[in-house]
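1. give me a model of this one.
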Amino acid sequence: MIIYEESELYIEKEPSEIPWLKIFTKEAYKELGDVPKSLRTRLWEVYDIVEYEMKDYYRPTKINMASFANMLPRVHIHVMARFKDDSHFPNPIWGEKLRESDLKLPDEKEFYKRVKKALEN
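-> Below is the predicted model of the structure:
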């Protein structure tokens, strides 16, 4: 599900127990160094805003950021709010599940509205 879009990038929600967004460039650049400098700058501005809003809204234990792009070989950045009682913490979300979890998180739709508003300002 796309929650935000502008001319050269968009943000998509990753279905997960944790708040998890992915920031994509619209053009499928293979490596970050292939991205034009102005778009790379915008990509990091967007990341900073998403991270700030995620920290402010969810108050997580930690924010994780990743950009492997091995399975999907194009530039994209994962931004994940992690909690000490999520099912994988402190392991990576892709790692071994350590426990069952029942996180009680605020409404994600409100979070998406906040992200969109911050990006449009």
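2. every contact and neighbour count from this point should use C-alpha atoms.
-> Noted.
3. where's Val115 relative to Tyr47, distance?
-> Noted for Val115: a distance of 11 Å to Tyr47, by Cα to Cα, to the nearest Å.
4. where in the chain is pLDDT low?
-> For the chain, applying pLDDT under 70 flags the ranges 71.
5. that one: helices as residue ranges?
-> 37-58, 108-120 (DSSP state H).
6. can I get the last one in PDB, CA atoms only?
-> Translated: helix 108-120. The C-alpha trace of helix 108-120 is given here as PDB (Å, rounded to 0.1, in the frame of the first residue of the first chain):
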ATOM      1  CA  GLU A 108      -1.400   3.500  11.900                       C
ATOM      2  CA  LYS A 109      -3.700   5.600   9.700                       C
ATOM      3  CA  GLU A 110      -3.100   8.600  11.900                       C
ATOM      4  CA  PHE A 111       0.600   8.000  11.600                       C
ATOM      5  CA  TYR A 112       0.400   8.000   7.800                       C
ATOM      6  CA  LYS A 113      -1.500  11.300   7.900                       C
ATOM      7  CA  ARG A 114       1.300  12.800  10.100                       C
ATOM      8  CA  VAL A 115       4.000  11.500   7.700                       C
ATOM      9  CA  LYS A 116       2.200  12.900   4.700                       C
ATOM     10  CA  LYS A 117       1.600  16.300   6.300                       C
ATOM     11  CA  ALA A 118       5.300  16.600   7.300                       C
ATOM     12  CA  LEU A 119       6.500  15.700   3.900                       C
ATOM     13  CA  GLU A 120       4.100  18.200   2.200                       C
END
